[in-house]
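Participant: coords below, sequence missing:
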């Protein structure tokens, strides 16, 4: 069992592993060893998915100037991780989640903004989150005074393949959304990224 975590003060992901039915745990990737800190600084709250041939992908909440969902990968058993790279999905330092679907595709739930916890959106990937085919907003109604739809959790029903998302609604209650992959494939929205340097890619 591989359990994702992070060092809050340093802003770096960490993993603990158990191979004996939870009787003991081993801390892996200590922040001060090798290039771990530099390779993953400002990336916290990793969300894991196991893809083709056992490759593990972690998507991370970004606290850097990139304001993009981070992505790091490891081969089977997740012993060695590649450095974190920004995806095309925006991130305002907010929580994200992902779910490997029964057909091998991946759904990622995130806040589609580089600056706010709204709107909550879902993106569909067919290549282990290397790219995203479609994006759809899960809620488009927001109080003009501001709102926060955050800390999502996503899962898929094995019974009918439908997708369920729960999230914190303005930190007052729990909201939820229920849809299927066919609805998500229709797309209609774009990732509202904000690029650095001379790139022009803010929608």
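Facilitator: Looks like it came in fine. Note that the structure is predicted; figures quoted are calculated from it, not measured. Numbers count the residues shown, from 1 in each chain.

Participant: Please enumerate the helices of this structure.
Facilitator: 36-40, 181-185 (DSSP state H).

Participant: Only the buried residues of the helix or strand bottoming out on mean pLDDT in the chain, if you could.
Facilitator: Lowest on mean pLDDT, DSSP states H and E among the helices and strands of the chain sits strand 26-28, with a mean of 90. Neighbour-count burial for strand 26-28 flags residue 28 (criterion: 16 or more other CB atoms under 10 Å). C-beta: built from backbone N, CA, C; applies to glycine.

Participant: Then stretch 82-102?
Facilitator: 84, 86-101.

Participant: Stretch 120-129 now?
Facilitator: 120, 121, 122, 123, 124, 125, 126, 128, 129.

Participant: Distance check, residue 48 against residue 173.
Facilitator: 27 Å (CB to CB, to the nearest Å).

Participant: so what's the closest residue to residue 105 other than its chain neighbours scoring on pLDDT?
Facilitator: Distance criterion CB to CB, 6 or more residues apart in numbering; nearest residue to residue 105, sequence neighbours excluded, is residue 126 at 5.2 Å. Note on residue 126: pLDDT of 95.

Participant: Just to check, residue 126 is in contact with residue 134?
Facilitator: No: counting by CB atoms under 8 Å, residue 126 does not reach residue 134; the two are 9.9 Å apart.

Participant: quick one: low-confidence parts of this structure?
Facilitator: 140, 143-145, 195-203 (pLDDT under 70).

Participant: OK, contacts around residue 83?
Facilitator: Contacts for residue 83 (CB atoms under 8 Å, 6 or more residues apart in numbering) come out as 35, 39, 40, 72.

Participant: So what touches the least confident helix or strand of the chain?
Facilitator: Under the criterion CB under 8 Å, 6+ apart, residues 14, 15, 16, 17, 18, 79 lie in contact with strand 26-28.

Participant: most distant residue from the middle of this protein?
Facilitator: For the chain, the residue at maximal distance from the C-alpha centroid (CA atoms, centre = their mean) is residue 23, at 28.8 Å.

Participant: quick one: residue 135 and residue 119 touch, right?
Facilitator: No: judged on CB under 8 Å, residue 135 makes no contact with residue 119 at a distance of 10.3 Å.

Participant: what sits in contact with each of these two?
Facilitator: In contact with both residue 135 and residue 119: residue 112, using CB under 8 Å, 6+ apart.

Participant: coming back round to it: can you give the distance of the least confident helix or strand of the chain from its chain's centre?
Facilitator: In this view, strand 26-28 has its centroid 22 Å away from the chain centroid, taken as CA atoms, centre = their mean, to the nearest Å.
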